[in-house]
Structure formats: structure tokens, C-alpha cells
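Asker: structure of the sequence below:
(2 chains)
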Amino acid sequence: MITFKEKLRKKIASRLRSKGSFFLDDLELNYTPQMKMGDMALTFPFQIAKQTGRSPRDIAVEYLPLLKNIEGVDKIEVAGAGFINLHLNRKTFFEGRFTASRCRSYFAEENKIIIEHTNINPNKAAHIGHLRNACLGDTLSRCLKDKGENVEVQNYIDDTGVQVVDVVLGFKDLEKKDLSDIEKYSGRFDYYCWDLYVRVSSLLGANPHYQKRRSEILKKIEHNIDPEASMARLITMRNVKAHLNTMNRLDIHYDLLPFESSILGLKFWEKAFALLKKKKAIFFVEEGPHKGCWVMPFEEDKEKEKIIVRSDGTVTYVGKDIAYQLWKFGLLERDFNYSLFPGSDSLWVTSIHPGSSHPSFGKSDKVYNVIDTRQSYLQKIVVQGLKALGFFPQAEKSIHFSYEMVALSPKSLKEIGQKISGEKKEKTFHEVSGRKGLGIKADDLMDSLEEKALSEIEKRNPDLEPLQKKEIARKIACGALRYFMLKFARNSLIIFDFDEALSFEGETGPYLQYTMVRLKSIFRKWENQGGLSEPDILASADLKNIPWDSLTDKEKDDLWDLIFYAAQLEEEVLHSIRSLEFSHLAKFTFNLCQKLNAYYHLYPVITESEKNVRSVRLLALIHLKNVISRALNLMGIPHPDRM
RNA sequence: GCGCCUGUAGCUCAGGGGAUAGAGCGUCGGUCUCCGGAACCGAAAGCCGCAGGUUCGAAUCCUGCCAGGCGCACCA
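Answerer: Purely as a prediction, here's the structure:
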């Protein structure tokens, strides 16, 4: 459609040139709000009217004759206050779908793009907030790849922060456990840490003197002193493995896990620090409350400054992030060492020790950081750091893909058995908090979804093999969750509600999957009755002369509505990428499925006796099935054969 | 206090200069000799937070106000 529209726009522009070209550069070609008005609308008469003061409708009437007999356009007319509406030739457009569908009409714009997403602290189980992050990041990755971009997905592991320290403290002081106990633990390790972390947090809250113990352990980990350092490593790895398993249930995968310990161990920060000092991007404070710190002045408010290096000489998170961001663009003049993640042949991790040969990482032209909106301020500082170093193009292409958090409704808290203290009872939602253990664990939610899906399958398809049922249930759970995370605009706070998330009806993932399943089953049934397979239907049909006119006028309208809408998929993908708003793609796919469900409710395919009519319908459904399948793949929503 | 975000149908949310503001859920009514009812069709339901302004045209852009949220750490 993108190519089609571009060609049409050029044809129209060349016709209009004789009357002057002041509006031709951005000639708008819009869609009409209703099919009966035609398919596309020109709005240039309004632009001319603005400049000349004449009536838009008069201008439209005057220009109309220039636009007669354009190839592919059946009818052209003036409508409303001054729109010029185009009615396309439906038959040739439909036929064009079968030759155009193979080639993409959009192309890569960058050599390489890095997406950083997921980034779960490796000290406890993943929760619903992490799921939103990962679903958004993974969908962005899928869409960019579809567009043709070379994408590298990174999941940053903060293995040296206080969060892991707290769990080490918990194992040592509260549980009196050592390294081998942690190794031996055979239950759900991430769940165990979840509870332990809550206990440590409340201990630290109630006994401030424990802070000393905490910094003791932090120092030991930083200086690689055992057993604390080994415990921290083991805790990190076991949690990372758990997170990868959780994300695997959603078909979310990564290319590289950069560890913060590598950034520190390989002295990335020292390199970045030297650069920042050299370019005078940061200043040493001699006087005042920030005495002894290295700070970066805040661009928008000169009075404020952000501390990058503390007075004790340690670097803050933002400092490390600036170093990491520089590395992503290949600007640090330094690289990690790499090794394969244990047990994987495609996932790499950074390492401080030299390893064997590895793919090239980093050195990208554009970076998307998928991080919730609460960190906007910090992301701004990182970008400002790049600017201060003179890396303006890279600053321009450092994109903070921000989104609102997932919070819990009082009702959902009650359902997971969480109690809220008195004063906060009035709030309409509650922020997820790892410290308080307030949150719905990702795997628990997935388990509930799978369980519900399984019982639905049991009702409809009791004779399927148990293993098959389980696999279908996994796919449905995955589809339900991914659609749920995508259907909201990113600035919309999701107040989590179990009934809503567990719904399989209406605007949900399973509705989309169900549409696909029914389409698949039409072709399965058709073949079982002795009909041709999909490839054979396409091979044997005369795609340059489809018997479109054998349809009734009503059906032509109904089918055209579907085909013309489906043709807008790539535009929706581009729109979604540009606005980082994948709810567009989600709604589009949902609307398309709705139109399709309505269509085949009215027009049977395999029971249709008129051969030409049946042939048009078969071809149309093959095409639409391909479009929907592509849309679902872009959102990472699997489509089983049955459900 | 300063900055960012959000106020649209009973509820959850789309639409972010263009033609009569849309979905899902819920409510009410229908489709069940149907290629899968996880479906389809229909109805009721809206001062698009309030007040100004810009425009041929505003839910959409600008200004002010009201209400809510999130940031503004030598945490990450």
C-alpha cells in the first residue's frame, strides 16, 4: 500500500503541476471515513483556499477535470466542503495484492539498531511491570526487523547493585545459608529470593544499624572477596536463568546480556570519565553541599546539577549508563569480552575475561532504551552527556522508549492476599514494590492464563492429546498476555485487574487467535473434501483475471472493505514504529479480525456452489490469512492450528 | 515550588487539525438445520474536565484554571 499510494500520489501531482506546484510537496492523500465516499481523499483544495481566500468547494470543482482517467482509479468526485474523493478499481487492486504481497514496501534506514529492554534486577522473580517492558521492547524489535532493520536486542543485568547485596545479606544473616546451600536449592529460586528480599527490606527498615552490614557485603562483592562475591554471582545467574525462562514462555529472546560487573571490571567508566573530563562536560565541586563530587550541570535548569561521581569517588548509576550508552554507539574505544550463556548457542553474555571468537556487538547507529517513564529525568541526563561530549547525531538517535507503569487495583491486591496499611486504603491503585513484595509475579500470571486456557480447550477439543492441549494453552496464554500489554497506549497507566487480563473474549489476544484458527480450519476442511491446497489454489488461479464481477454488489462492498483495510498493515507498522505506539498495530489487527469474522459469517466458502464466487472467496481468504498471520507475528502472538 | 504525563459512554480505553467522536466490557434484545458461539447482528448510553483563543474546520493546537498521577537523591 505504501508503494501503491506513493505511485498514485506522483500521478496526481504530475496532473496538478500545470496549475502551479506550491502544494505538491506535501500532497495529502487520506483515507475517507466511510466506504461510500470512496477510498481516498485529496484535501489540497483546503490548502489553496487558505492562501487565496476562495471557497474550497469551488477550487475542488475547478481542479476535478485534471484528474480524470487516472490508471487504477474508477471514479473521482467532489465531496463535502471541498474534498476530492477517489474510488479505486477494486478488481485490479485485489489482483495487485498477489503480486505485491511478496515484497515489502519499506526499507531499513539504519545500519544497525540496538534495543535495550527487560533489564530486571537479578535478585527476585519477574513481575507484571517487567512483562509490559519486555512485550513492548520485543514488539518494537519484531517490527523493526520486519521493516528490514538490523536489530540487536540487549538485556542489561545490574549484578553489582545493592539489590543483589540485600539478597546475599538475607541468605547469610537471616537464613544462615552458604554457597552450597544456594546451589542445592531445587525449588523456584526466583520466588524464594522474592520473599527473602522482602524480609531483608523490612529488616533494614526496622534496624538502621544493618546498613553497615550491607555496605560491608557490597565492598566484599566489589573486591571479589569470597564467599560473598561467589554467592552474588550464583544468585545473579540463577535469577537471570529464571527470567529467561519466564520470557521464553512469551517467545521473547535476546542477543546479548551486558553485565554491569563487566562495565566496571573492564574500566568502561574510567574511559568515559576521562572523556567527560577532557571535554569539560563535568565539573569538580569545590564548595557547597556537593563538595567533592563530579557533577554535570542540568541543561534546562542551570541552578541544578546531577552528581555523576560521589564524594567518596564511586560512580552513580547515571555515570555507568553514560559509559554503556557510549559503548552502544561504538564511541568508547573499548569493547567487552564475550562468552556464550551457559547452555545456549545463540545468547551471549559480556565477560571481563578474554573469550573465543564472537559476533560483533554494539557499534550501532540508533539506540532504543525501553524504560518506564519514571526514569525520564535520568535518560535525559544520559543524552545530555552525549551532547556534552559533542556526539550530537548519537544524542539525537538515543531514544527513550518510555511507558507508564503497571499498578495494582485494590481488588487485585486482595486477590493475591496482600494487605494494605490503613492510610493507603483510599488509593485507587498501588505501585508494584519489590521491597514490600507487592506485585504479581510474571510466572504466576502466566500459570493462571495457561490454566484457564487449558480448561477452555478441554471444553471444545477434549480429544486432543494432552501434550498438544498443553502447548495450545501456552500459546493462548502468550497471545492473551501480549495483546493485553499492547492494547493500551504507552502513556496509559495500567491498573491491573485479573478479570480483564484473563479475559479471552472481545478485544483480546485469543479473539485474534480464534480468527486465525477458523481461517486455517476452513482450508483444512476444504482440502479434506478433496479441494486444492493453498499453494495449489494460488498456482492454478488466473491471478491477473480474478472473477471479481461474479460477486453480488453487496459482497463486493463487504469484501472490498476488508481487502482495502488489510492493505494498510505496513502503514500501521511504520506508524507504530514512528510513534512507538504499538496499540495502533494491536487495534488495527483487532479491527481487521472483526471485519473478517463478520465477512465469513455472511459468505460461506466451501459450501458455496458457484465456482467463480467460491474461487474469489478462497483467494481473498488466503490473502487475508497471510496478512493477519504477519500482523500476529509482529506482535509475537502465536497462532495454533486448533484451540 | 519546578518539570513531564493524564482527564472522552456506567467501567476499561482508542482517536492527537478534516466529513455523522469509536471499540471492548457491562446492560437490553436477537442469531443456534452455522466453514468452530473464544463468534455474529441490533439497541440504549457522550456539554470529549472547565473557560477563553487560533482556524474555513478543534476531542485534537495555544493560554488560563480545576482534578489526578509521576519525577525533581552523593538509590537504581
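
Asker: ok, which stretches of the stretch 501-643 of chain A are helices?
Answerer: Secondary structure of the stretch 501-643 of chain A, counting by DSSP state H, counting those that start in this stretch: helices at A:509-528, A:534-540, A:553-566, A:569-579, A:583-602, A:611-634.

Asker: I'd like the distance from the longest one to the chain centre, please.
Answerer: Here helix A:611-634 shows a centroid-to-chain-centroid distance of 26 Å under the convention C-alpha atoms, centre = their mean, to the nearest Å.

Asker: buried residues in that helix, which are they?
Answerer: Neighbour counts over helix A:611-634 (16 or more other C-beta atoms under 10 Å) mark A:613-628, A:630-632, A:634 as buried. From N, CA and C alone the C-beta is placed, and that goes for glycine too.

Asker: with the fifth one instead?
Answerer: By neighbour count, and taking 16+ other C-beta under 10 Å as the criterion, the buried residues in helix A:583-602 are A:583-590, A:592-593, A:595-596, A:599-600.

Asker: report whether it contacts RNA strand B.
Answerer: Yes. Against RNA strand B, helix A:583-602 shows contacts by C-beta under 7 Å from any atom of the strand at A:583-584, A:587, A:590, A:594, A:597-598, A:600-601.

Asker: and for stretch A:410-417?
Answerer: No. Using C-beta under 7 Å from any atom of the strand, stretch A:410-417 stays clear of RNA strand B, with a minimum separation of 11.0 Å.

Asker: just the C-alphas of that stretch, formatted as CSV.
Answerer: Extracted C-alpha coordinates of stretch A:410-417, given in CSV (Å, rounded to 0.1, in the frame of the first residue of the first chain):
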residue,chain,number,x,y,z
PRO,A,410,-7.1,-2.7,45.5
LYS,A,411,-9.2,-5.6,44.3
SER,A,412,-6.3,-7.5,42.7
LEU,A,413,-4.2,-7.0,45.8
LYS,A,414,-6.9,-8.6,47.8
GLU,A,415,-7.0,-11.5,45.3
ILE,A,416,-3.3,-12.2,45.9
GLY,A,417,-3.7,-12.0,49.6
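
Asker: turn the buried residues of helix A:583-602 into JSON lines, including pLDDT and distance to A:Val164.
Answerer: As requested, the buried residues of helix A:583-602 are exported to JSON lines (pLDDT from 0 to 100; distance: C-beta to C-beta, whole Å):
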{"residue": "A:Ser583", "pLDDT": "97", "distance to A:Val164": "35"}
{"residue": "A:His584", "pLDDT": "96", "distance to A:Val164": "38"}
{"residue": "A:Leu585", "pLDDT": "97", "distance to A:Val164": "36"}
{"residue": "A:Ala586", "pLDDT": "97", "distance to A:Val164": "35"}
{"residue": "A:Lys587", "pLDDT": "97", "distance to A:Val164": "40"}
{"residue": "A:Phe588", "pLDDT": "97", "distance to A:Val164": "42"}
{"residue": "A:Thr589", "pLDDT": "97", "distance to A:Val164": "40"}
{"residue": "A:Phe590", "pLDDT": "97", "distance to A:Val164": "41"}
{"residue": "A:Leu592", "pLDDT": "97", "distance to A:Val164": "45"}
{"residue": "A:Cys593", "pLDDT": "97", "distance to A:Val164": "44"}
{"residue": "A:Lys595", "pLDDT": "95", "distance to A:Val164": "50"}
{"residue": "A:Leu596", "pLDDT": "96", "distance to A:Val164": "49"}
{"residue": "A:Tyr599", "pLDDT": "94", "distance to A:Val164": "54"}
{"residue": "A:Tyr600", "pLDDT": "88", "distance to A:Val164": "54"}
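
Asker: closest to RNA strand B among the residues you listed?
Answerer: Using C-beta to the nearest atom of the strand, A:Tyr600 comes nearest to RNA strand B of the buried residues of helix A:583-602, at 3.0 Å.

Asker: for the closest one, what are its contacts?
Answerer: A:518, A:522, A:621 (C-beta atoms under 8 Å, 6 or more residues apart in numbering).

Asker: of these, which are in range of RNA strand B?
Answerer: Answer for the contacts of A:Tyr600 near RNA strand B (C-beta under 7 Å from any atom of the strand): A:518, A:522.

Asker: adding pLDDT, write the contacts of A:Tyr600 out as a markdown table.
Answerer: Formatted as a markdown table, these follow (pLDDT from 0 to 100):
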| residue | pLDDT |
| --- | --- |
| A:Arg518 | 96 |
| A:Ile522 | 95 |
| A:Leu621 | 96 |
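
Asker: what pLDDT does the closest residue to A:Val198 other than its chain neighbours get?
Answerer: Among residues not flanking A:Val198 along the chain, A:Gly437 sits closest, at 3.7 Å (C-beta to C-beta, 6 or more residues apart in numbering). The model reports A:Gly437 with a pLDDT of 90.

Asker: ramachandran angles for A:Gly437?
Answerer: The phi/psi pair for A:Gly437 (degrees, to the nearest 10) reads phi 70, psi 20.

Asker: surely it and A:Leu196 touch.
Answerer: No. Assessed by C-beta atoms under 8 Å, A:Gly437 is found out of contact with A:Leu196, at 10.0 Å.

Asker: ok, the buried residues of helix A:583-602 vs A:Glu458, which is closest?
Answerer: The closest of these to A:Glu458 turns out to be A:Cys593 (C-beta to C-beta; 24.3 Å).

Asker: so what's the closest one up against?
Answerer: Residues near A:Cys593 by C-beta under 8 Å, 6+ apart: A:511-512, A:515, A:628.

Asker: what would the residues you listed look like in a markdown table with pLDDT?
Answerer: Converted to a markdown table, the contacts of A:Cys593 look like this (pLDDT from 0 to 100):
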| residue | pLDDT |
| --- | --- |
| A:Tyr511 | 97 |
| A:Leu512 | 97 |
| A:Thr515 | 97 |
| A:Ile628 | 97 |
